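Enquirer: sequence and predicted structure below; questions after.
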Amino acid sequence: MIRSILVDRSNDDICKLERVLLDCSPNIHVSGKAQTISKTASLVKEINPELLIINIELLLNDGVLLNDYFSNVDFEIIFLTDTDNYAIDAINCNACGYLLKPVQKEHLSKAVNSMLSKTRIRQENTRNKVLAEKYVKQSSSEDVIGIPTIEGFEFIAIKEIIRCEGLQKCTRVITTERTDIISSYNLGEFRKLLEPFGFYSPHKSHLINLNHIRKYHREGNILMTNNSYVPVARRKKVEFLNCVKHI
């Protein structure tokens, strides 16, 4: 069963949604219900859901920045709304669905199918992560990382990786030879794998190999050995400079 949390303005709204959800997807278990963002946050920690169905206006009215709020979550999202004003926000969060109320069964069913597909990919990525970490540990001649892609795995020497760039829930890996490797890992997974090998994250969307830095511009840009630029977040400037002093 898929664990889900339903979030809307009123208990009546949530009950209506639950009836439609269970009618079209009996394999979804409603594990929690909330009418506020604070309650939602506590339920997410308690339940560890695989699906969150939430009224997007509750988030925006509470001052939530969607990209920040959902940047590193381990569940899929379906947004509900009374209008179509926030479709771009939903797309930027890589949501599985953006449904106008009252929710129609066929629309919800399509969104749930999208969620199930993404969940299978997430589970496959988890298995791939275990294999990749095992490969790194067992490599003897040089440190190599196995990067999961659409086609399978790319095995790359870590020293050849110049930088990684976050692309929603995927990552672009730029090496000394290639710039077109798109991995199904998110950037957070690459941080865990590569930071022990001298990588640093100067910005929430970037991870760089400190050995491939060519120049630092005081206005806040790093020039890498492939002549690409990476921004340094203002709050990270001092930390970054301390890191490069010890290379």
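Expert: Nice, I can see it.
Enquirer: pLDDT-wise, which helix or strand of the protein ranks last?
Expert: Sorting the helices and strands of the chain by mean pLDDT, DSSP states H and E puts helix 66-69 at the bottom, at a mean of 73.
Enquirer: of all the residues in the next helix or strand after that one, which ones are buried?
Expert: Next along the chain after helix 66-69, taking DSSP states H and E as the criterion, comes strand 76-81. By neighbour count on 16 or more other C-beta atoms under 10 Å, the buried set for strand 76-81 is Glu76, Ile77, Ile78, Phe79, Leu80, Thr81. For the C-beta atoms, the positions are set from N, CA and C on the backbone; glycine is no exception.
Enquirer: and stretch 150-159, by the same measure?
Expert: Residues of stretch 150-159 classed as buried: Glu154, Ile156, Ile158, Lys159 (neighbour count, 16+ other C-beta under 10 Å).
Enquirer: got the end-to-end distance for it?
Expert: The separation between the terminal residues of stretch 150-159, taken as C-alpha to C-alpha, to the nearest Å, is 23 Å.
Enquirer: how far out from the middle of the chain is it?
Expert: Distance, stretch centre to chain centre, for stretch 150-159: 20 Å (C-alpha atoms, centre = their mean, to the nearest Å).
Enquirer: Throw the buried residues of stretch 150-159 into a markdown table and include pLDDT, secondary structure and distance to Asp23, thanks.
Expert: Below are the buried residues of stretch 150-159 laid out as a markdown table (pLDDT from 0 to 100; DSSP: H, G, I helix; E, B strand; the rest coil; distance: C-beta to C-beta, whole Å):
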| residue | pLDDT | secondary structure | distance to Asp23 |
| --- | --- | --- | --- |
| Glu154 | 84 | strand | 43 |
| Ile156 | 88 | strand | 47 |
| Ile158 | 92 | helix | 50 |
| Lys159 | 93 | helix | 55 |
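Enquirer: got these as TSV, with distance to Glu177 columns?
Expert: Compiled in TSV, those are given as follows (distance: C-beta to C-beta, whole Å):
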residue	distance to Glu177
Glu154	11
Ile156	9
Ile158	14
Lys159	12
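Enquirer: how about those residues, which pair is most distant?
Expert: Largest separation among the buried residues of stretch 150-159 by C-beta to C-beta: Glu154 and Lys159, giving 15.1 Å.
Enquirer: can you pull out the low-pLDDT segments for the protein?
Expert: Within the chain, the stretches with pLDDT under 70 are 67, 125-142, 245-247.
Enquirer: what residue is smack in the middle of it?
Expert: Geometric centre of the chain, nearest residue: Lys169, 3.8 Å, by C-alpha atoms, centre = their mean.
Enquirer: separation between that residue and Cys93?
Expert: The gap separating Lys169 from Cys93 is 10 Å, by C-beta to C-beta, to the nearest Å.
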